[in-house]
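A.B. asks: sequence plus predicted model, see below.
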Amino acid sequence: MKKLQAAVVGGGVGGLTAAAALLRSGVDVTVYEQSSGFSRVGADVNLTPNAVKALDGLGGGVGDWLRAHGGHPQFRLSRMWDTGEETSRVALGDDARERYGAPQLTVHRGDLMSALERELPAGVIELGRRLDSIEDGAEGVRLRFADGSDSRADVVIGADGIHSRVRHALFGPDEPEFTGIVAFRAVIPSDAVAGVPNADCFTKWWGPDPATQIVTFPLGLDEVFVFATVGQTAWTEESWTTPGSIDELRSLYVDFHPEARTLLDRCDGVLKSALYVRPPLPAWSGDRAVLLGDACHPMTPFMAQGAGQACEDAVVLARCLAEFDDPSTAFSRYEATRKPRASRIQASSRDNNWLRTAGGGDWVYGYDAWSTSLDASEV
Ligand SMILES: Cc1cc2nc3c(=O)[nH]c(=O)nc-3n(C[C@H](O)[C@H](O)[C@H](O)COP(=O)(O)OP(=O)(O)OC[C@H]3O[C@@H](n4cnc5c(N)ncnc54)[C@H](O)[C@@H]3O)c2cc1C
């Protein structure tokens, strides 16, 4: 039987995971990525056990690589911004491994991308291919690119992020909404934080209002990641690479507990980006095209689950395409499997901080829901 030919649009975490999973399922894959190359931009990925299990499901070397090179935070701490009071402490490390069947790991996004790229044979990723539109025809789907070129596939997988062209083709134009919140991101060499209390933990400092918080955790083996958010409507630029001001970062959190400020003091550079979201989509697919990751459920970083959800989507979608000959049946099964969980986490990423400061308690859905396992029976 002729192999199914899938075009994956977008070579981010979700697209590369999908490509690796589809190849294992016997699908022919080409990834079309708009950038001309991958670079190690200053950003984190926190992989909760469910995401680690999804990546283990690729069966290649990614799981082993993650365990050897990822950061292993020992505890997840919630602390109050002013008093420093610890409002919760959850053991990660061996406890998470025993409880959920996989550890929680933290890696630099660029390093995870490189590990995923190593899973793919040469030629699978085509760089510099920016999708413009897709058209359904008798011979499958025709993909048209911004440079005037085109190609064909049996199915199109839109892993092209929050500004997805595939989503646009399926459901018409709509624009992401600015949350009114900006995020600062900094990566500090571990040597520079030697002796700082809890630098080896995943620590969330709840701020005085829903938008304001600081999160810190070890990133891989040699770095510590600092992620700080604040309400700010004047800055609307969305970027992984635009520098922010270190003085602004320090001044915004000047009233935070000294232990939180210590890490800010050790940063010598910072990136700044506005955070955008979209409301939930009622459907994620058409007859021959389907969405995954941020293309269908972009979320705020407050649950640290966006990349993890993209990995889960990718693995489940590949299993469904392997199981059902008819792509639209596979897409329906994929949606039925993934939508309840991804939608709940998307909603939670929006509400979590708001409910916390409105007196809703610590972490609205708690760690169990945060780390629900990716069960094979879900497919
Ligand atoms: C500040 C911040 C911190 C975060 N921290 C975490 C975290 O700790 N843990 C976590 O799980 N998630 C986190 N997230 C969320 C996470 O980054 C996203 O959910 C995740 O990147 C989504 O992956 P994706 O593959 O769906 O999309 P993306 O990573 O956005 O990848 C989309 C890809 O598609 C390409 N593309 C776009 N348009 C086209 C086109 N027309 N043609 C071809 N290619 C195209 C892009 O160049 C890109 O490579 C964070 C997000 C932010 C903003």
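C.D. replies: That came in fine, so what should we check first?
A.B. asks: please count neighbours and contacts with C-alpha atoms only from this point.
C.D. replies: OK.
A.B. asks: report whether stretch 227-236 contacts the ligand.
C.D. replies: No: Stretch 227-236 lies apart from the ligand when judged by C-alpha under 6 Å from any ligand atom; the minimum separation is 7.3 Å.
A.B. asks: just checking, residue 254 touches residue 261?
C.D. replies: Yes: taking contact to mean C-alpha atoms under 8 Å, the distance of 7.2 Å between residue 254 and residue 261 places them in contact.
A.B. asks: more neighbours, the two?
C.D. replies: For residue 254 versus residue 261, the count of surrounding residues by other C-alpha atoms under 10 Å is larger for residue 261: 18 against 13.
A.B. asks: gap between the helix or strand hosting the more buried one and the chain center?
C.D. replies: Per DSSP states H and E, residue 261 falls inside helix 258-266. Averaging C-alpha positions (C-alpha atoms, centre = their mean, to the nearest Å) puts helix 258-266 26 Å from its chain's average.
A.B. asks: now do it: which elements does it pack against?
C.D. replies: Applying 3 or more C-alpha pairs under 8 Å, 6 or more residues apart in numbering; DSSP states H and E, we find helix 258-266 packed against helix 246-252.
A.B. asks: so for the helix it packs on, mean pLDDT?
C.D. replies: Here helix 246-252 scores 96 as its mean pLDDT.
A.B. asks: show me which positions of that helix end up buried.
C.D. replies: Applying a neighbour-count criterion of 16 or more other C-alpha atoms under 10 Å, the buried positions in helix 246-252 are 246, 249, 250.
A.B. asks: thought the second one was touching residue 184?
C.D. replies: The reference is to residue 249. Yes: A contact is recorded between residue 249 and residue 184 when judged using C-alpha under 8 Å, the distance being 7.4 Å.
A.B. asks: can you show me the CA trace of stretch 311-318 as CSV?
C.D. replies: These are the backbone C-alpha positions of stretch 311-318, laid out as CSV (Å, rounded to 0.1, in the frame of the first residue of the first chain):
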residue,chain,number,x,y,z
CYS,A,311,4.4,17.1,22.2
GLU,A,312,1.4,15.1,23.5
ASP,A,313,-0.7,16.2,20.4
ALA,A,314,2.1,15.1,18.0
VAL,A,315,2.5,11.7,19.5
VAL,A,316,-1.3,11.0,19.7
LEU,A,317,-1.9,12.3,16.2
ALA,A,318,0.8,10.0,14.8
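A.B. asks: right, is it up against the ligand?
C.D. replies: No: Stretch 311-318 stays clear of the ligand (C-alpha under 6 Å from any ligand atom), getting no nearer than 8.0 Å.
A.B. asks: from the ligand, how far off is residue 181?
C.D. replies: Separation of residue 181 from the ligand (C-alpha to the nearest ligand atom, to the nearest Å) stands at 11 Å.
A.B. asks: ok, now which ones touch the closest residue to residue 131 other than its chain neighbours?
C.D. replies: The spatial neighbour of residue 131 that comes closest, neighbours along the chain excluded (C-alpha to C-alpha, 6 or more residues apart in numbering), is residue 145 at 4.3 Å. With C-alpha atoms under 8 Å, 6 or more residues apart in numbering as the criterion, the residues that contact residue 145 are 129, 130, 131, 132, 133.
A.B. asks: out of those residues, which is most surrounded?
C.D. replies: Counting neighbours by other C-alpha under 10 Å, residue 131 leads these with 24 neighbours.
A.B. asks: pretty sure that one contacts residue 163?
C.D. replies: No: in this structure, residue 131 is not within contact of residue 163 by C-alpha under 8 Å, at 11.5 Å.
A.B. asks: any stretches of the chain with poor pLDDT?
C.D. replies: Per-residue confidence of the chain (counting by pLDDT under 70) places the weak regions at 42, 352-379.
A.B. asks: is any residue of the helix of greatest length in it near the ligand?
C.D. replies: Assignment by DSSP state H gives helix 327-355 as the longest helix of the chain. No: on the criterion C-alpha under 6 Å from any ligand atom, helix 327-355 is out of touch with the ligand, staying 10.0 Å away.
A.B. asks: for the ligand, what are the nearby residues on the protein?
C.D. replies: For the chain, the contact set with the ligand under C-alpha under 6 Å from any ligand atom comprises 9-15, 32-35, 44-47, 129-132, 159-161, 164-165, 183, 293-295, 301, 304-308, 310.
A.B. asks: please flag which of those sit within helices.
C.D. replies: Counting by DSSP H, the part of the residues of the chain next to the ligand found in helices is 13, 14, 15, 165, 306, 307, 308, 310.
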